[in-house]
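**Student:** From the sequence below, what's the structure:
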Amino acid sequence: MIFSQPFLFPVSGVKTYIFLPPLVMFLISSFVSPAGVSGAFILLPFQMSILGYTAPGVSGTNFIYNIVSIPLGAFQYFKEKRFSWTLLILFLVGTVPGIFLGYFIRIKFLPNPVYFKLFVGLVLLYLGVRCLKDVFNTKKAKPIKPKEYKIQREKIGILACYVVTSNEIFEFNTFAVFLPSLLTGIIGGAYGIGGGAIMAPYCVSILELPVYFVGGATLISTWVSSIIAALFYAIGPFSQSPMTIPDFLLGSLFGIGGMVGIYLGTKVQIRLPARIIKTILGIAIFSISLKYILTPIFY
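**Tutor:** Here you go, the predicted model:
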């Protein structure tokens, strides 16, 4: 009976069929998770535009989705030894303090859904352009075997870090990861994402690191950041209104579908060319960004 008629979620006020949230996020996450992101950046527009959930609590509900959906898929990176502790540490050191600032900005300065949609659109526009530009600038890559991106050793330093895979050494500046992670935390804390949707394109496009092992660090970073951010939205010092509280039931249902989709995405990722992964991610992000940037203009 519960599946035959719309269900009212009391916290958010959303009324929809109980099977719709997991189904939607299964489709979305299986589509974008090969790029190392959970799909939360698309979930937020879906909640706001389709379900009509525009209160500040929608950002917290996005974080609940990440908490439920990510662990199973992230485990695959551990299992296949395609997980970088160096990247994870740098992501978290920058992202966690930034999340609190983003949470403060969302509650105090962006409660109006019209202005928040403009903010969302600008963030997504950058990500979409960055991904698509990288697709056209990337030369045709040689076929990659899964074992070539198993991490053998890595080192984190004050100024420089390196990650050694089975066939290549990748070096990058420590602050080139830390500082963008801090900015990402601020944006993600306001937007309702853990930051993977920003850091994954950045690491792949700017730092030229392979998406095949970046994805594990971005997913785990997103998961840890989402736990902290969800607590801010639920019991934080500025969460004095029911409008800021996440809808745990709705977010969990989204998360169940996302968990299956992310697991599927991590299994097929290594078999997809990087160019295809970036194209999928870029088109999805860019199309949504245009809708949200134009919304305030015609409001």
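
**Student:** quick one, helices of the protein?
**Tutor:** 20-32, 40-45, 57-79, 85-109, 113-137, 175-191, 196-205, 211-235, 248-269, 274-294 (DSSP state H).

**Student:** how about those, which one is nearest residue 153?
**Tutor:** With Cβ to Cβ as the criterion, residue 153 lies closest to helix 85-109 of those, at 10.1 Å. C-beta: built from backbone N, CA, C; applies to glycine.

**Student:** average model confidence for that closest one?
**Tutor:** Averaged over helix 85-109, pLDDT sits at 87.

**Student:** so it versus helix 196-205, what angle?
**Tutor:** Between helix 85-109 and helix 196-205, the angle comes out at 140 degrees (axes from the mean of the first three to the mean of the last three Cα atoms, to 10 degrees).

**Student:** mind starting the numbering at 316 from now?
**Tutor:** Noted, 316 is the first residue going forward, which turns the last one into helix 400-424.

**Student:** any low-confidence regions in the stretch 416-565 of the chain?
**Tutor:** 427-429, 431-432, 435, 449, 452-463, 553-555 (pLDDT under 70).

**Student:** can you count the residues close to residue 323?
**Tutor:** Residues lying near residue 323 (other Cβ atoms under 10 Å) number 9.

**Student:** Also the one 10 residues further on?
**Tutor:** Under the neighbour criterion other Cβ under 10 Å, residue 333 is assigned a count of 15.

**Student:** again, but for residue 415
**Tutor:** 18.

**Student:** where's it relative to residue 359, distance?
**Tutor:** Remark: distance between residue 415 and residue 359 (Cβ to Cβ, to the nearest Å) = 19 Å.

**Student:** Could you do residue 532 as well?
**Tutor:** Distance from residue 532 to residue 359, by Cβ to Cβ: 22 Å.

**Student:** neighbour count winner among the two?
**Tutor:** residue 532 (30 against 24).

**Student:** And the more buried one, how far from residue 404?
**Tutor:** 9 Å.

**Student:** Then residue 487?
**Tutor:** With Cβ to Cβ as the criterion, residue 487 and residue 404 are 13 Å apart.

**Student:** And those two? Which one has more around it.
**Tutor:** Each of residue 487 and residue 404 has its neighbours counted (other Cβ under 10 Å); residue 487 has more, 19 against 16.

**Student:** on that earlier part again, which one of the helices of the chain is the most hemmed in?
**Tutor:** helix 511-520 (a mean of 27; mean count of other Cβ atoms under 10 Å).
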